[in-house]
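J.: I would like the atomic coordinates for the input below:
(2 chains, ligands or ions: 2)
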Amino acid sequence: MRVVVDLSRCQGYAQCAFLAPDAFRMHGEEALMYASNPDDAQRQQVLRAAAACPLQAILVDQLKGRDAPVGTSPS
Amino acid sequence: MSTADTLQGFKRDGRVVIVGASLAGLRAAEALRDEGFTGKLTMIGDELGEPYDRPPLSKQVLTGWVPADGTTLPRRRDIDAEWLLGVPADGLDLANNHVRLADGRTIPFDRMLISTGVRARPWPVEAEAALDGVFVVRTREDAAGLQRAVAAGPSRVLIIGAGFTGSEIASVCRERDIPVTVAELAPSPLVGGLGAMIGEIAADMQRAHGVDLRCGVKVTQLEGDAQGRVRRAHFSDGSAVDADVVVVALGGIRNTEWLRDSGLAVGVWGVACDAGCRAFDLNGLVTDDIFVAGDVARSPNPMYEYRFISLEHWANAVEQAEIAAHNMVSAQADRWPHLSIPTFWSIQFGVNIKSVGVPTYADEVVVTQGSVADHRFVAAYGYHGRVTAAVSFNNAKWLDHYRRLIETAAPFPPPCPTPDQPLDAKPVPVDFPGPTLLAQGATVVVTGHDPGERRVTAMRQHR
Ligand SMILES: Cc1cc2nc3c(=O)[nH]c(=O)nc-3n(C[C@H](O)[C@H](O)[C@H](O)COP(=O)(O)OP(=O)(O)OC[C@H]3O[C@@H](n4cnc5c(N)ncnc54)[C@H](O)[C@@H]3O)c2cc1C
Ligand code: SF4
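T.: Ligands and ions are numbered 1, 2, ... in the order given. Now for the predicted structure:
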């Protein structure tokens, strides 16, 4: 799955790191690091973390049928 | 046909081309569909694969936690686009409204978005830049290579340039206990973005973490061995250091060369546009069908005396993309200006550094709350007696307070909002290095009123 955190919004409250410790980790007192593409097995935890973030800073993939770009350019 | 009919027709089956398929390009495409654009959407990008996120490349990716190809951006929705990847655009024909690709194809449009961002400034001596072990960090391929080199346990990493990216890389290397030398032409790290006072704090932080920090020196030569591997660097003060990994972190070059003959107001600071993201032509007249967003955009901000500002900030790319998309499908009266206050973050040496506003747009700076010694404080920046920016070290939750001060043009210096007022809260001159130095570490550049001014402040090479 795919995740991005808007770190300019995040205020380091660490709810995410508590709820999904394999995907979100605190670095020092308030800096957040996270796995951008965590394993699908973590989906439930990550969704819970995203819902709990008080700043709504966590964005999770909303795509069902992905319109993935082609690997090479068609000519 | 009325203008409203034309707009409805465009929204229904017009053609939009987005050049630069990364953060700004993707978010603009999503916003266009959200706004009800159902016409043909084409994404042109010279990088292969899906759009990915760059900030982790100098952080989680370099630590080895997240693989370099594991920062693909989440999608907010389906965009139903045609993706033309792996070939750069190399021209824009405004007379015929089409984009020219490097392989000769031409892609017609009714409206288009320029979101070609920035690339890493390479080491200026080509033969030295080509040595094994010399890296820049902008793409996931760059990051994958550097991550491997760092994981192999080099004897020393030399980082040239102590802006945000260089400092973050130094931090990760020290976490892994790798000896690090940082060379910076300015008097201290981060000084181009945040000024001398914060620069000195950043210098202390680096040294406390064991970085061999050398400021006020230029790297004059990178020396390779017989196998073409870098092994030593020479400095302008006559000294040298042995290093088997060299990271060139000298900032970015805006990807505007492909627009050179387009007739748009293009230069080293980017593509000039109005607050609604519409590009200016060479004469300074606003165009109606060409929009700009992200790192490549240079736009006037009413909160900063309408000065043109270029930002290399993640949040700015997202916001501008949304404004550009909205304005592409809106009539003049319904258009939005991009008015938000810039925000930025950086993670280094265990400290969360964040800013609001434009710190380079200041003449004074003062620590308003917290403790510099504990690396937990906020500093406010002022220009002609009003608050224009603030920077926090491990104190992010206070930045909204300072954002409001900036938005209301509150007087500088502002009062301390907490009981932890620092003892010597006296404003000092902000002290930025000159424009040539500024160009190297800065992620914000205030570039004057006139699109033509860019020539006056043309960036110079590192040496
Ligand atoms: C290592 C690193 C760390 C960062 N850390 C932070 C951080 O901590 N905080 C923060 O706020 N920001 C950070 N940033 C900045 C942030 O990543 C950028 O602001 C953001 O990527 C801008 O997005 P963009 O879409 O405007 O440009 P880009 O991401 O640069 O994308 C432009 C795209 O256009 C493509 N392109 C260029 N020319 C052409 C052409 N002629 N034809 C077709 N395609 C073309 C490029 O290849 C690229 O894919 C960091 C950047 C890097 C590299
Ligand atoms: S829960 Fe939200 S605000 Fe808190 S650390 Fe996580 S992302 Fe940041």
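
J.: just checking, A:P54 touches A:G12?
T.: No. Counting by C-beta atoms under 8 Å, A:P54 sits too far from A:G12 to count as a contact (10.8 Å). Bear in mind the C-beta positions are built from the backbone N, C-alpha and C, glycine included.

J.: Which of those two has more residues huddled nearby?
T.: Neighbour totals were compared for A:P54 and A:G12, and A:G12 leads with 21 against 9 (other C-beta atoms under 10 Å in any protein chain shown).

J.: does stretch B:319-336 come close to chain A?
T.: No. Against chain A, stretch B:319-336 shows no contacts by C-beta under 8 Å from any C-beta of the partner chain, the least distance being 9.8 Å.

J.: neighbouring contacts of that stretch?
T.: Contact partners of stretch B:319-336, identified using C-beta atoms under 8 Å, 6 or more residues apart in numbering or on different chains, comprise B:3-4, B:7, B:10-11, B:16, B:23-32, B:34-37, B:111, B:113, B:115, B:276-278, B:291-294, B:297, B:299, B:337-338, B:340.

J.: in stretch B:10-23, what counts as buried?
T.: Of all the residues in stretch B:10-23, those buried under the rule 16 or more other C-beta atoms under 10 Å in any protein chain shown are B:10-11, B:14-23.

J.: Where do the strands of chain A begin and end?
T.: A:3-5, A:24-27, A:31-34, A:58-60 (DSSP state E).

J.: Could you point out which of those sits nearest B:N395?
T.: B:N395 sits nearest to strand A:31-34 of all those, at 11.8 Å, using C-beta to C-beta.

J.: Each with direction, which strands does the closest one pair with?
T.: The sheet places strand A:31-34 alongside strand A:24-27 (antiparallel), with pairing taken from DSSP bridges.

J.: Say whether ligand 1 is contacted by the partner strand.
T.: No. Judged by C-beta under 6 Å from any ligand atom, strand A:24-27 stays clear of ligand 1, getting no closer than 12.4 Å.

J.: what is the rounded mean pLDDT of that strand?
T.: Mean pLDDT, strand A:24-27: 94.

J.: Identify the bridge partners of the closest residue to chain A within the stretch 1-150 of chain B.
T.: Residue nearest to chain A within the stretch 1-150 of chain B (C-beta to the nearest C-beta): B:W83, separated by 3.2 Å. Beta-bridge pairing for B:W83 (DSSP bridges): B:M43.

J.: shouldn't it be in contact with B:E47?
T.: No. Contact criterion C-beta under 8 Å: B:W83 and B:E47 do not qualify, at 11.1 Å.

J.: which residues sit in contact with the closest residue to B:Y383 other than its chain neighbours?
T.: Nearest non-adjacent residue to B:Y383, counting by C-beta to C-beta, 6 or more residues apart in numbering or on different chains: B:A362, 5.0 Å away. B:A362 makes contact with B:195, B:381-383, B:388-389, B:430, according to C-beta under 8 Å, 6+ apart.

J.: May I see those organised as TSV, with distance to ligand 2 and neighbour count added?
T.: Below are the contacts of B:A362 laid out as TSV (distance: C-beta to the nearest ligand atom, whole Å; neighbours: other C-beta atoms under 10 Å in any protein chain shown):
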residue	distance to ligand 2	neighbour count
B:G195	27	27
B:Y381	25	31
B:G382	29	24
B:Y383	30	18
B:T388	26	26
B:A389	22	29
B:V430	30	24
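
J.: gap between the two ends of stretch B:111-118?
T.: End-to-end distance for stretch B:111-118: 22 Å, by C-alpha to C-alpha, to the nearest Å.

J.: next one: stretch B:416-429
T.: Terminal residues of stretch B:416-429 lie 19 Å apart, using C-alpha to C-alpha.

J.: so what's the residue in the stretch 151-300 of chain B that chain A sits nearest to up against?
T.: Nearest to chain A, among the residues of the stretch 151-300 of chain B, is B:E175, at 9.3 Å (C-beta to the nearest C-beta). By C-beta under 8 Å, 6+ apart, the contact list for B:E175 reads B:T63.

J.: again with B:K426
T.: Going by C-beta under 8 Å, 6+ apart, the list of residues near B:K426 reads B:V366.

J.: Look at residue 56 and report its pLDDT.
T.: Picked chain A for this. For A:Q56, the pLDDT comes out at 95.

J.: Sorry, I should have been clearer: chain B.
T.: The score at B:P56 is 97. That number is its pLDDT.

J.: what's the neighbour count on it?
T.: B:P56 has 25 neighbours, counted by other C-beta under 10 Å.

J.: Let me know how buried the residue nearest to it when sequence neighbours are not counted is, in neighbour terms.
T.: Of all residues not flanking B:P56 in the chain, B:T71 sits nearest, at 4.9 Å (C-beta to C-beta, 6+ apart). Look at B:T71: counted by other C-beta under 10 Å, it has 24 neighbours.

J.: what's the answer for B:D374, then?
T.: Per other C-beta under 10 Å, the neighbour tally for B:D374 reads 10.

J.: separation between it and B:P419?
T.: 15 Å (C-beta to C-beta, to the nearest Å).

J.: For B:A162, list the residues it contacts.
T.: Taking C-beta under 8 Å, 6+ apart, we find B:A162 in contact with B:170, B:182-184, B:186, B:188-190, B:202, B:206, B:213, B:215, B:249, B:441.

J.: do the same with B:M197
T.: B:365, B:367, B:379, B:428, B:430-431.

J.: So which of these is the closest to B:G224?
T.: Nearest to B:G224, judged by C-beta to C-beta, of these is B:D431 at 37.7 Å.

J.: If we ignore the residues flanking it in sequence, what's nearest that closest one?
T.: B:D431 sits nearest to B:A196 (C-beta to C-beta, 6+ apart), 3.7 Å away.
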